[in-house]
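> just to be clear, the model below is a prediction. Sequence and coordinates:
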Amino acid sequence: SVLGTAKVRVAVEAGIRQGWDRFIGSDGLFVGMKGFGASGPYKELYKYFGITPEAVADAASAKLG
C-alpha cells in the first residue's frame, strides 16, 4: 500500500541493488553501485557511480517513454 501503483518504481541506493527487487519489481529501475570497495568524498563517489538526480530523472523518463 505504501508503494502504490506507480508506472515506474526507482530505487536509489548508495550501495548495491541487493534487496531492492522485492520493492521495485522485476522491471523496476535501480540507480546505485554495481561494485564494491571504492572510497573517497561522497560527492565524487556519487558522480563516479552515477548516483545523481540527473541519472534518476533520466532513467525514469526513459522508462516512461
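Done, it's in.
> going by C-alpha atoms from here, please, whenever you check contacts or count neighbours.
Fine.
> same for the lengthiest helix in the chain, what does it pack against?
Counting residues, the longest helix in the chain under DSSP state H turns out to be helix 53-64. If you count contacts as 3 or more Cα pairs under 8 Å, 6 or more residues apart in numbering; DSSP states H and E, helix 53-64 packs onto strand 10-13, strand 29-32.
> output these as CSV; include the columns mean neighbour count.
Shown next, in CSV, are these (neighbours: other Cα atoms under 10 Å):
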stretch, mean neighbour count
strand 10-13, 17
strand 29-32, 20
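> dump the ones you listed to CSV, plus distance to residue 58.
Conversion of the helices and strands packed on helix 53-64 to CSV gives the following (distance: least, Cα to Cα, whole Å):
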stretch, distance to residue 58
strand 10-13, 11
strand 29-32, 10
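> want to try JSON lines for those strands, with mean pLDDT as columns?
What follows is these, written out as JSON lines (pLDDT from 0 to 100):
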{"stretch": "strand 10-13", "mean pLDDT": "92"}
{"stretch": "strand 29-32", "mean pLDDT": "92"}
